[in-house]
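In: Generate coordinates for the sequence data below:
(6 chains)
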There are 6 protein chains.
Amino acid sequence: MNLQNSNPQPVDAAIVPRFGAIPTFMRLPYVTDPAAVDIALVGVPWDGGTTNRAGARHGPREIRNMSSFMRKVHHVSRIAPYELARVADLGDAPVNPIDLMDALKRIEGFYAKIHEAGAMPLSAGGDHLITLPIFRGIAKDRPVGMIHFDAHSDTNDRYFGDNKYTHGTPFRRAVEEGLLDPKRTVQIGIRGSIYSADDMAFAEGSGMRVIYMEEFAKVGIEKVIAEARRVAGDGPTYISFDVDGIDPAFTPGTGTPEIGGMTTLEAQTVLRGLQGLNLIGGDVVEVSPPFDPSGNTALVGATLMFEILCLLADSLSRRRGR
Amino acid sequence: MNLQNSNPQPVDAAIVPRFGAIPTFMRLPYVTDPAAVDIALVGVPWDGGTTNRAGARHGPREIRNMSSFMRKVHHVSRIAPYELARVADLGDAPVNPIDLMDALKRIEGFYAKIHEAGAMPLSAGGDHLITLPIFRGIAKDRPVGMIHFDAHSDTNDRYFGDNKYTHGTPFRRAVEEGLLDPKRTVQIGIRGSIYSADDMAFAEGSGMRVIYMEEFAKVGIEKVIAEARRVAGDGPTYISFDVDGIDPAFTPGTGTPEIGGMTTLEAQTVLRGLQGLNLIGGDVVEVSPPFDPSGNTALVGATLMFEILCLLADSLSRRRGR
Amino acid sequence: MNLQNSNPQPVDAAIVPRFGAIPTFMRLPYVTDPAAVDIALVGVPWDGGTTNRAGARHGPREIRNMSSFMRKVHHVSRIAPYELARVADLGDAPVNPIDLMDALKRIEGFYAKIHEAGAMPLSAGGDHLITLPIFRGIAKDRPVGMIHFDAHSDTNDRYFGDNKYTHGTPFRRAVEEGLLDPKRTVQIGIRGSIYSADDMAFAEGSGMRVIYMEEFAKVGIEKVIAEARRVAGDGPTYISFDVDGIDPAFTPGTGTPEIGGMTTLEAQTVLRGLQGLNLIGGDVVEVSPPFDPSGNTALVGATLMFEILCLLADSLSRRRGR
Amino acid sequence: MNLQNSNPQPVDAAIVPRFGAIPTFMRLPYVTDPAAVDIALVGVPWDGGTTNRAGARHGPREIRNMSSFMRKVHHVSRIAPYELARVADLGDAPVNPIDLMDALKRIEGFYAKIHEAGAMPLSAGGDHLITLPIFRGIAKDRPVGMIHFDAHSDTNDRYFGDNKYTHGTPFRRAVEEGLLDPKRTVQIGIRGSIYSADDMAFAEGSGMRVIYMEEFAKVGIEKVIAEARRVAGDGPTYISFDVDGIDPAFTPGTGTPEIGGMTTLEAQTVLRGLQGLNLIGGDVVEVSPPFDPSGNTALVGATLMFEILCLLADSLSRRRGR
Amino acid sequence: MNLQNSNPQPVDAAIVPRFGAIPTFMRLPYVTDPAAVDIALVGVPWDGGTTNRAGARHGPREIRNMSSFMRKVHHVSRIAPYELARVADLGDAPVNPIDLMDALKRIEGFYAKIHEAGAMPLSAGGDHLITLPIFRGIAKDRPVGMIHFDAHSDTNDRYFGDNKYTHGTPFRRAVEEGLLDPKRTVQIGIRGSIYSADDMAFAEGSGMRVIYMEEFAKVGIEKVIAEARRVAGDGPTYISFDVDGIDPAFTPGTGTPEIGGMTTLEAQTVLRGLQGLNLIGGDVVEVSPPFDPSGNTALVGATLMFEILCLLADSLSRRRGR
Amino acid sequence: MNLQNSNPQPVDAAIVPRFGAIPTFMRLPYVTDPAAVDIALVGVPWDGGTTNRAGARHGPREIRNMSSFMRKVHHVSRIAPYELARVADLGDAPVNPIDLMDALKRIEGFYAKIHEAGAMPLSAGGDHLITLPIFRGIAKDRPVGMIHFDAHSDTNDRYFGDNKYTHGTPFRRAVEEGLLDPKRTVQIGIRGSIYSADDMAFAEGSGMRVIYMEEFAKVGIEKVIAEARRVAGDGPTYISFDVDGIDPAFTPGTGTPEIGGMTTLEAQTVLRGLQGLNLIGGDVVEVSPPFDPSGNTALVGATLMFEILCLLADSLSRRRGR
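Out: As a prediction, this is how the structure comes out:
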């Protein structure tokens, strides 16, 4: 038990076993006031932007459930996030399961409050469209850079006629709305058959750096890390992790799996290589429990959240001059 | 093999085994012209009205898959639907997974064409909101009666503020729009905890006959059948079967399961008791394959479709003076 | 939303969808002070008394998860528990996954505090041995009667030599310790092959009324209810529901399934017939999520908790002269 | 522990827990000499006669696995089979997974040896075609009667041109070969759509008594038992139980499920009503573990084997005038 | 939508969502005339050659189902198969689930017609024995070379006495029958315990190049590609992909899994390295849905089919001088 | 078939298919006398030391089941274990599911007898605490070295107050008891978040060589092998393999999964690199079938047992001067 500071601490597994207690993110306290935290763990139980297999609405619950496996200190970086920052479970953002536009507004409002309170959000989706209202809530004042893990670029334009908002469009919208700086955006793990030869025209045309899975495998992790750091630079940067960026052997429970992806260890190694960037938030999305019979995808989601949490806490600590 | 008439026939299981061939409903031919059939088997792969667990969008595929188990003659009534009527798989109604109002319009249009061509639809959902656009397509000229199997009345009013269209509201909307005659509507199998004591006020106030599961268990199947026949009378009547009307031991793969329901044999017995009603269509909804690890729910859905198909073919044959 | 009184209320499903929010029992607030409630919902994540398939330690989490399906009013009895009583989630009793005797002590202590605070416990197990420390916590002052649903009598003596405490022995121990009045105890649903012809000697010899499943099927529910009421009389009575009392088609997720059991509807009907007894607590045990691929067993567990909660709230209300 | 006689006894669950030890049928010793037993428990891991979903080849292993749940005495009849008879696991009959005709010969040979040794076989399939070579092995000297639980009559003639041997034809072949007396045969639970109106012509024409599921539900169990006893009379009688005779909510893990079947309790009650018949063997077939995610079907299979074992031991004991 | 040519095109996912419509391979039209296509996608729902776990008979349906995830252009090679060739779903080859020799004949006949019509087949199995009748249908005029991905050599001789045809023997038979040129055959990914030290004698003795998984891991993908190209040369070459060539973490749903295999990305990379070979057909076999709870194996199967389809279309286009 | 010596041989898969027969380890005979074997295959169905998700008690049965996939000769090393040594299934060690201390004693006793008889044990767990009583049984005369594959060091001290024995503590206890020589111990694959920065203090302080997963990935397999050989030296060495050492994509069925682990091929390659060490036993632990829907984890467990068996047989043969 950490007695050195008064930061919120996870339930102690030597007192309450991991399978016990009401499951909050990382077994942290549930608090409702964003001003009470430095890093807000938030669920966004919504998949209204999903064009294929739904189910990511159940992601936050199962990620919370599996996050009980997480302990307190990162075994490689030795970052101890709960010593560096006040971290808690802020509960779920409000959503609307049957009205997409209303849902976007509700989510935005919730994140705007977190942002105003001075906290950084780390979210569990939900489908990838949630990152758009999150950006609207936290990036209105200046565009942010992004390290984006995904099998898909998510920069499509329209769908089913004239629908602008799906989980395949958030980052085109974010660029258009001035929330995301494409020149400070790197997409890692992109792969899978495409609709037409110009599917990637917007991403590449706008200046995003796209590291296809094939380049990833060829150049190796160290160069991927270096390139990601180069692109992001020292401006404010967000980490968005779609679990389909990882191979579906590791994360079968997702809506749009694409085979031939990276391993979890590769993903973790890249994440660890981002330490020191100027991070301002992150998310893990597209965990879809109904397609996850072994529960492994939710465990991956929870562990990636812990990895990103360590990065955020460290970045905050650096900004504060530790 | 039926050589007596030229009606479409299922693929012969003694030539192509049941697990073979591209799965259409009942292994019937896929046809695109509704004028070529008397009874149109239609999928509606859409669950945009779902307020809790989604997945019914995958219902039509799995029901088609499991419908390969169906043979050609009903073993109790001896109805041979493919001798009495031209039946085929009309494919799926067009939908829109991310725009509820657009989806309702697309579905309505598809059914309007079937109706204009003089065919009766028998549909596989999808969530229960699909019955509303089906009614808009086929019941505009006069309200229809309904035999409604369900754990829930689906006559709620609003949801999440002012949203009028969810899978909990179709039959209030249908009554309001003059598509459904509440006095010729019977709801069978209703049960489960309720939001407030007046949850059933609209259903009962509008004149629907609600047979709660408890009454069902108490009075017995014969009286339920008699009551259903009395309520429906001889006007045009639609059968809508939400698989959560059945106990989740039999149909776990559904979005809003309620324990304490009827068995499949009870449901089949009631359906068989409806022979001779003036039937004009039907549907089986809320089969949600992601929650159906054994596939049994889809098998129940396919079998209920066959039960209703026999009733529709028989009713058609009677109207034609056989 | 109930505004008539200040009792704790479940999260409103028209504001936060059922799959959202951190899952507490019935979506009620989590409170830590037993004096703040009339009925304490408690998890006991422990299966250290299990002699065959473990996993009931995960029961409380999945029952909490599935309890989000519950609404606010009982559709048959019209009991509205949150209007009649202050009900909340008290979290989990402390346990010890590797030390049986220590676990029994920890659990007893937790319940003793609830009892001293004047609250009634309604618990989610855990294996059936947990009922023994619950009794030690709440029945020390006088033996209680019990309505016991189960496939097994749980009145064995020793196991593996001289071990006195397993999930097969709690009620022999409870009688020996003067916590349980065998003459006011009825066991319902008992069945399954036995070790020897005198397996039931203690139960029957001590005066318990054993209603085997075969008698249940033969005499019918009404007589079972009458007999249960007769045995319990008007003394303080506890309801203990082992989900293996129900047939494993309905509740596969349990450690010691026995085929040939009652349906959920039968179980619910018996429970509803107990309204008016002098009830002082209850539990639902042996839900084992690792053996429950569809999640249906946890849903049954949650619904049975709601059924018993309504009975407890009603009984409390009667005792208070409503 | 039974010390009264030297019959083989199951492993004691108070010494080796049920999940331990190498799984034999009922935890009995594995013996290779049929002369050492009165009742031979045999697996037939073969599904080469299956025309739809295979997998029953894995039935014996999972039934053995689940049979560890069985104890030693029947709780209703109080029959203690291991006191009345020498019972053991004889292992698996030899099969051939890729040559149907060779498999039939191998199986027949194995059972002929059991028969010659004077033992009665109780078998776990395997698909239903295995009953034909079993009959060839044990019924050559005189036709036997049969109590047959099934959704299907299994009296088809040919398949895929001129193939005479599938799991849909064994009992037509058995009648043709003089192994089965159709007039002493009763089929219970028959249901499901049929290929043509005369599907049942052979069964009914040859004199078998067919109790459709609908008659079963209508007349009740007592009359079904009486009718079965009347048909079987006092001649040598075999019990063949296809688990698809039971509703797939209870036994999803089978190749050709048909909804609307009996419950396990109903099946058990009928079986118990057969006590006193002149029984000479039995089988439980069509348990298909790959379609049985919860394992419940294998548990049903193991329990039905125990039910039949008790009947066989009792019948033997009566014949011996014990 | 491709309007440049009149080739068959997949259903447009922006009009019919991926989970909608009757599932054909790649959502292409179902056509019955092989002369209407350049590349025929064919299912072979048969596993009669399987010596261990069956279920590959269900492969074609689930691969069709999962092939809805495929889009239209290869993201690495930029091959757009539907622009280069006429591709369609030819349905399933006729089989016989209970007569091995008859099944081989039926399958051969179907492929002979495709071959005579001048089309190349790309097939979804079924077990690996199907490649033998495919070769008989398309390779009678001259032996073909083969790139063979597999954990097993499938060059055994006899089984269960004198049975020559199982899924472990096709390539010895094919060599013996002059259909396969062993000197132009490379086997990639071979691994797993063996029956005796000379298990590989035929493969190696006949001149096949066997790249064990250990060599694969050691020398790296580039050298494996170079070696495969060298062996195949510029003669007509077939690609046969048994999904157990890949590690069962990626493809658990198969009959004879062997741990320690390649990743999907490695397999895809090798396949992509085969561009430019003189390809004349291919297959993906041993996908067994009953052992594939997450559906991932069928997704791998569908994606491998798309990878091979691109190679076939490209090869065709090259032969035609584009 | 090996006719060269009289050693026990596996059931021949060309006579009894792999899915047939009662499943013993590797399909070897079940023998009860340890003096009759050189290598004793033993199950330890016990998970009483598990602090999180139980289920490893079911490991031995499923590993036995899956071990039927194993053949007779190692395809890389060409070791033929059944020619080199007498190997058989000794059944399960006695346990006690509800009394930890008693279980430890029972297990120790069983292994002491094996050791006294001069046989080497190769065990299937069970949770990792079982290695402690195994060591007590076989290492009392001198401390052994250990090659330890695991995500966790299992060198914790106390748990839940003062409990010294859990599956997280065996190797601290073994060092304290003089059974394990920490300086001859190497831990491979360690990873995952930790409780505090000094979690590894005992392991590293006592002299164990800890190869974290990150070092493993960085330096490569060859150097890991060399280091493991260096640490073990030529003293008596035991191999303990916790399947959570492997990534949960490959081994989801385990109690404490940690993402980012090694592949099975990497694990196998390291094991093969250990040939020639002075090996005296081994185990494979923490296979938990209830969390293993595809069965792949048990297959990995069985294959790892075969890998270790080959090493043990080879080591024995070398000691005997072959």
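
In: switch to C-alpha atoms for all contacts and neighbour counts from now on
Out: Will do.

In: Next up, the contacts around the closest residue to A:G55 other than its chain neighbours.
Out: Of all residues not flanking A:G55 in the chain, A:S288 sits nearest, at 4.7 Å (Cα to Cα, 6 or more residues apart in numbering or on different chains). Residues near A:S288 by Cα atoms under 8 Å, 6 or more residues apart in numbering or on different chains: A:54-59, A:253-255, A:297-298.

In: Which of these sits closest to chain F?
Out: A:T297 (9.2 Å; Cα to the nearest Cα).

In: so which strand or helix has the closest one?
Out: Per DSSP states H and E: A:T297 is located in helix A:296-319.

In: List the buried residues of that helix.
Out: Of the residues in helix A:296-319, A:296-316 count as buried by neighbour count, 16 or more other Cα atoms under 10 Å in any protein chain shown.

In: Run through these and flag the ones next to chain F.
Out: A:296, A:299-300, A:303 (Cα under 8 Å from any Cα of the partner chain).

In: Same list, those residues, but as TSV with distance to A:D141 and pLDDT please.
Out: Below are those laid out as TSV (distance: Cα to Cα, whole Å; pLDDT from 0 to 100):
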residue	distance to A:D141	pLDDT
A:N296	38	97
A:L299	34	98
A:V300	32	98
A:T303	31	98
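
In: And the strand ranked longest in chain A, what does it pack against?
Out: Of all the segments assigned as strand in chain A under DSSP state E, the longest by residue count is strand A:180-190. Applying 3 or more Cα pairs under 8 Å, 6 or more residues apart in numbering or on different chains; DSSP states H and E, one finds that strand A:180-190 contacts strand A:144-149, helix A:170-176, strand A:209-212, helix A:213-219, helix A:221-232.

In: what's the closest of those to chain F?
Out: helix A:221-232 (10.9 Å).

In: quick check, distance from that closest one to the centre of its chain.
Out: On the basis of Cα atoms, centre = their mean, to the nearest Å, helix A:221-232 sits 18 Å off its chain's mean C-alpha point.

In: Now do the same contact list for A:M70.
Out: A:26, A:302-303, A:306, F:193.

In: Okay, now the unreliable bits of chain A?
Out: Screening chain A residue by residue with the criterion pLDDT under 70, one finds the ranges A:1-5, A:322.

In: where do the helices sit along chain A?
Out: A:59-66, A:81-84, A:100-116, A:131-138, A:170-176, A:201-205, A:213-219, A:221-232, A:264-272, A:296-319 (DSSP state H).

In: at contact distance from chain B, anything in the first one?
Out: Spelled out, that is helix A:59-66. No. Applying Cα under 8 Å from any Cα, one finds helix A:59-66 separated from chain B by no less than 11.8 Å.

In: Tell me what angle that helix forms with helix C:59-66.
Out: Relative orientation of helix A:59-66 and helix C:59-66, computed by axes from the mean of the first three to the mean of the last three Cα atoms, to 10 degrees: 170 degrees.

In: Pick out the residue in chain A sitting closest to chain D.
Out: For chain A, Cα to the nearest Cα, closest residue to chain D: A:P293, 10.8 Å.

In: So that residue is in contact with E:N296, correct?
Out: No. A:P293 is not in contact with E:N296 according to Cα atoms under 8 Å; the separation is 11.3 Å.

In: And the most centrally placed residue in chain A, how far from chain F?
Out: The centre of chain A sits closest to A:D283, judged by Cα atoms, centre = their mean, with a distance of 1.7 Å. To chain F, A:D283 is 18 Å away according to Cα to the nearest Cα, to the nearest Å.

In: Show me which residues of the stretch 201-322 of chain A are close to chain E?
Out: A:248-249, A:252-253, A:256, A:259-261, A:291-293.

In: of these, closest to E:T185?
Out: A:G260 (25.5 Å; Cα to Cα).

In: which residues touch the closest residue to the closest one other than its chain neighbours?
Out: Once flanking residues are discounted, A:G260 sits nearest to E:L265: 3.9 Å by Cα to Cα, 6+ apart. When contacts are counted by Cα under 8 Å, 6+ apart, E:L265 touches A:259-261.

In: closest point of chain A to chain F, which residue?
Out: For chain A, Cα to the nearest Cα, closest residue to chain F: A:L265, 3.9 Å.

In: Roughly how far does that residue sit from A:T32?
Out: 34 Å (Cα to Cα, to the nearest Å).

In: cool, and A:G161?
Out: Taken as Cα to Cα, the span from A:G161 to A:T32 is 40 Å.

In: More neighbours: which of the two?
Out: Counted by other Cα atoms under 10 Å in any protein chain shown, A:G161 and A:T32 do not tie: A:T32 has more neighbours, with 13 against 9.

In: so the more buried one touches A:L90, yeah?
Out: Yes. At 5.5 Å, A:T32 and A:L90 qualify as touching, with contact defined as Cα under 8 Å.

In: Which positions in the stretch 201-322 of chain A make contact with chain B?
Out: So the stretch 201-322 of chain A meets chain B at A:290-291 (Cα under 8 Å from any Cα).
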